[in-house]
Every structure is written in structure tokens, then in C-alpha cells.
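# Structure here, sequence nowhere to be found:
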Ligand SMILES: CC(=O)N[C@@H](CCC[C@H](N)C(=O)O)C(=O)O
């Protein structure tokens, strides 16, 4: 694919962000782009809104895989882009999955023009932002017949300059759990608070209490996060709210801290129920295991990246982001790395505007990495 084709494709993806398991237009676009590339030794499988492409090598001794996520986020775009702003109101590719997919198709187009010696598998996985596509995909045995020996994924890094790649051995991303809490009290007239059980007040206390968990209950030598991203309740300024909803996410480096954070949330919920005479229900939504990079393969990749004149390598610290790519890494040796895209605004920010020069650099870098792996 030429630089112009890559750019065009990224912009097409950018205009049609769709949330987890609703990526139908995205799936169709992936299939449309693949169509002219297909050879008789390729196999393509659909799984829900995802796509899996298997290329049989000319003289295979291994199967190398690349996984990209394909979903967008429920964010109203404010990137300032005129030309190719999201056409889906309230949705945006604010986590770079438009880049990840374009890079996958760029590498695929190379292997369409040059048949690889080894087998190559490309996994276009839905619902990374939630509820998670990797786990059900693996559980349903979708990759069984083409089981890879190694798997790689990348993620854009707005804080790194274009041309930079970055990773580390072992833990790269945290364990995560979503958090959805419903509070049920008793509504009433604003002027008669003694007859009601106000869930705006209860939710406010609860959210404030939750902020003590990381400070007071997580071992300071470990790390944890409890972020509440949504707090909803009430219908009118002079009506006491009968119910409220709090939504968030929990992160931890260790499984022990995740268990402890959940134990404290549940204990605090009981306290809120007693203090405010209400009922709380907790739903942990989807949970992702940590992203733990395979030691040997990551070391080998870091050596490769340091020698690759097209990129600059920097060692990454562990991050509290989550990624269901961790489920692939539980079963298949591999690693994830960050790709510098140089944006003043970060991931999940409505103003995110990654530098598109990073796309071609990533395609070249990954293509050379896979080609190098095949010669080993
Ligand atoms: C890379 C990234 O930003 N991933 C997401 C994963 C979200 C997992 C889940 N929906 C949750 O909110 O816990 C992240 O927020 O780190």
C-alpha cells in the first residue's frame, strides 16, 4: 500500500467508529480492503464483528500472528479535524484502533505482494474497550485450526515522538475490572428530605469513600486505581433522587490488590446501605487480565528494534491501562509494544489527533520484524 492509500484508509476508519460488537461497517471496510489482496492460499473467517485472515506460507515452519483491535469509544470528537471527522455522532476512534487496523492492513498488503515463507495470521478483534472480544474469541476456539506460535500487537502512544517504539519484558499493562453500581433509595419532594432517602447524597459519599481505597488499603509498593467516570442520578433540581448509578474502572498491578480493592468496595457499599438506608448492587462487568510480555521474545524484539534504523527504541514503564490482548498472551507467547504518535492529547481524549506519519513507519517496522523472524 502506498503512503497515500494508508492515509486514506486510516481516515475512512476514523469516520466510522463503532463500539464493541457493533463494528459492522468496520468489518465490511476490512473485507473490502482485503478483497483485491486475496490469494488461493489465504483463508478468511468472520467471528461476530471481527475478521481473521490466515496466510499459508510457501515453506512454513511456524505461524506468526498480529492482533489489532477494531472498536471505537462513546466520545463526541473534538479533535478539530475537518476533513475526516467521525461521522458517527457521539463516537470516536479515541484510542487509536483506526491506526492499529490500518497498520495491520498495510502489513497484510505487503504479504499479499510477497508470499511469506512462514504462515501469518491477522486477527481483527472486536470490543477491546469493552465488554472484551479476546476472551470469548479464544474460548470459542476461533483460532484453533491456525494456532500461532507467536503473537504481537501494538498500541499508539500519544506521549512518544513519531518513529519511537517502546516496550518492556513482563508486565506492561494492569489487571482491570469494570465497576457498575446501582443505588436505590426513596424519591420525594426537595422540601421534605426526612421523608425520602436521597441517592445523590449517598452516591456522593460513596464516590468520595472509594477514593480512600488506593490510599489506605492497597500496599503502597503495589499500585492500584479506582476511577469513577460516570455518576448519574435524579431527574429535576427540586426532586430528591430515588436512584443513582456510578460507573468506573479498577486497575491493579497484582491480582491480590484487585481482590482487596473489590473487598473494600463491597464493605463500603454495606456501610453506605446502613448509613443512607438504601440498597446497592455491584456489577463488575468485564475483567481483563494483565498484559504480560513474554521475556525471551520481548528481549529478542527489543534487540531487533534497537538495530532497526527506521525507529528509535525506548524502554517502557508498566502502565495502568488495560488490554484484553493479555488473554492472547496467557496462551500464546508474544508481546505488545507502544508506537509513538506524538499528540498533545492523550488516549480517550476527545481532542486526540495522532500524527499519521507513524502509520507508514509502523508498517515498515512490523513488516521487517516479521520477515526477519521468518529467516531465523
Ligand atoms: C488501552 C486502553 O485504553 N484500554 C482500555 C481498556 C478498557 C477495559 C474496560 N472496559 C475497563 O474500563 O476496565 C483502558 O481503559 O485502559
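Yep, it's here. Because the structure is predicted, anything quoted here is derived from the model rather than measured.
# Contact residues of this structure facing the ligand?
Residues of the chain lying close to the ligand by C-beta under 6 Å from any ligand atom are 95, 129, 130, 155, 176, 178, 249, 288, 321, 322, 323, 347. From N, CA and C alone the C-beta is placed, and that goes for glycine too.
# Can you convert those residues into a markdown table and add a column each for secondary structure?
Shown next, in a markdown table, are those (DSSP: H, G, I helix; E, B strand; the rest coil):
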| residue | secondary structure |
| --- | --- |
| 95 | coil |
| 129 | coil |
| 130 | coil |
| 155 | strand |
| 176 | strand |
| 178 | strand |
| 249 | strand |
| 288 | strand |
| 321 | coil |
| 322 | coil |
| 323 | coil |
| 347 | coil |
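# mind listing what residue 31 touches?
For residue 31, the contact set (C-beta atoms under 8 Å, 6 or more residues apart in numbering) comprises 44, 51.
# Now the helix or strand hosting it: buried residues?
Taking DSSP states H and E as the criterion, residue 31 maps to helix 24-34. Across helix 24-34, burial judged by 16 or more other C-beta atoms under 10 Å covers 25, 26, 27, 29, 30, 33, 34.
# so which of the residues you listed comes closest to the ligand?
Each of the buried residues of helix 24-34 was scored against the ligand by C-beta to the nearest ligand atom, and residue 26 proved nearest at 17.3 Å.
# my guess is the closest one meets residue 18, correct?
Yes: here residue 26 reaches residue 18: they are 5.5 Å apart, a contact under C-beta atoms under 8 Å.
# In this protein, which helix is the longest?
helix 255-276 (DSSP state H).
# Within its sheet, name the partner strands of the next helix or strand after that one and how each one runs.
Per DSSP H and E, helix 255-276 leads on to strand 279-283 as the next helix or strand towards the C-terminus. Sheet pairing for strand 279-283, assigned by DSSP bridges, gives strand 175-184 (antiparallel).
# what are the ranges of the helices in the stretch 201-350 of the chain?
Applying DSSP state H, counting those that start in this stretch to the stretch 201-350 of the chain gives helices spanning 255-276, 295-307, 325-331.
# what's the distance between the first one and the middle of its chain?
On the basis of C-alpha atoms, centre = their mean, to the nearest Å, helix 255-276 sits 26 Å off its chain's mean C-alpha point.
# between residue 26 and residue 18, what contacts are shared?
Taking C-beta under 8 Å, 6+ apart as the contact rule, residue 26 and residue 18 both touch 49, 71.
# thinking again about what came up before, and the next helix or strand past the helix holding residue 31?
Helix 24-34 is succeeded, C-terminally, by strand 42-47 (DSSP H and E).
# on that earlier part again, could you give the average pLDDT over the helix holding residue 31?
Averaged across helix 24-34, pLDDT comes to 98.
# Centre of the chain to that helix, how far?
In terms of C-alpha atoms, centre = their mean, the centre of helix 24-34 is found 20 Å from the chain centre.
# what sits against residue 155?
96, 100, 321, 323, 336, 337, 338, 339.
# What number of residues are in the vicinity of the first one?
Residues contacting residue 96 under the criterion other C-beta atoms under 10 Å number 24.
# for the stretch 51-200 of the chain, what spans make up the helices?
Along the stretch 51-200 of the chain, counting by DSSP H, counting those that start in this stretch, helices occupy 97-113, 134-139, 199-216.
# For residue 338, which non-adjacent residue is spatially closest?
Spatial nearest neighbour of residue 338, excluding adjacent residues (C-beta to C-beta, 6 or more residues apart in numbering): residue 157 at 3.8 Å.
# if I look at the nearest residue to residue 201 once chain neighbours are set aside, how far off is residue 209?
Among residues not flanking residue 201 along the chain, residue 276 sits closest, at 6.9 Å (C-beta to C-beta, 6+ apart). Applying C-beta to C-beta, to the nearest Å, the value for residue 276 to residue 209 is 12 Å.
# swap in residue 1?
To residue 209, residue 1 is 52 Å away according to C-beta to C-beta.
# The two: which is more packed in?
Higher neighbour count among residue 1 and residue 209: residue 1, with 22 against 17, using other C-beta under 10 Å.
# Now do the more buried one, the pLDDT please.
Per-residue pLDDT puts residue 1 at 94.
# filter the residues of the chain next to the ligand to the buried ones?
Buried among those by 16+ other C-beta under 10 Å: 95, 129, 130, 155, 176, 178, 249, 288, 321, 322, 323, 347.
# who's in contact with residue 343?
158, 352, 353, 354, 355.
# With residue 312 instead?
161, 163, 164, 165.
# picking up where we left off before, deepest-packed of the helices of the stretch 201-350 of the chain, please.
Sort those by mean neighbour count, taking mean count of other C-beta atoms under 10 Å, and helix 325-331 sits at the top with a mean of 21.
# Can you list the buried residues in stretch 156-167?
Across stretch 156-167, burial judged by 16+ other C-beta under 10 Å covers 156, 157, 158, 160, 162, 163, 164, 165, 166, 167.
# surely residue 262 meets residue 250?
Yes: using C-beta under 8 Å, residue 262 is in contact with residue 250, at 7.1 Å.
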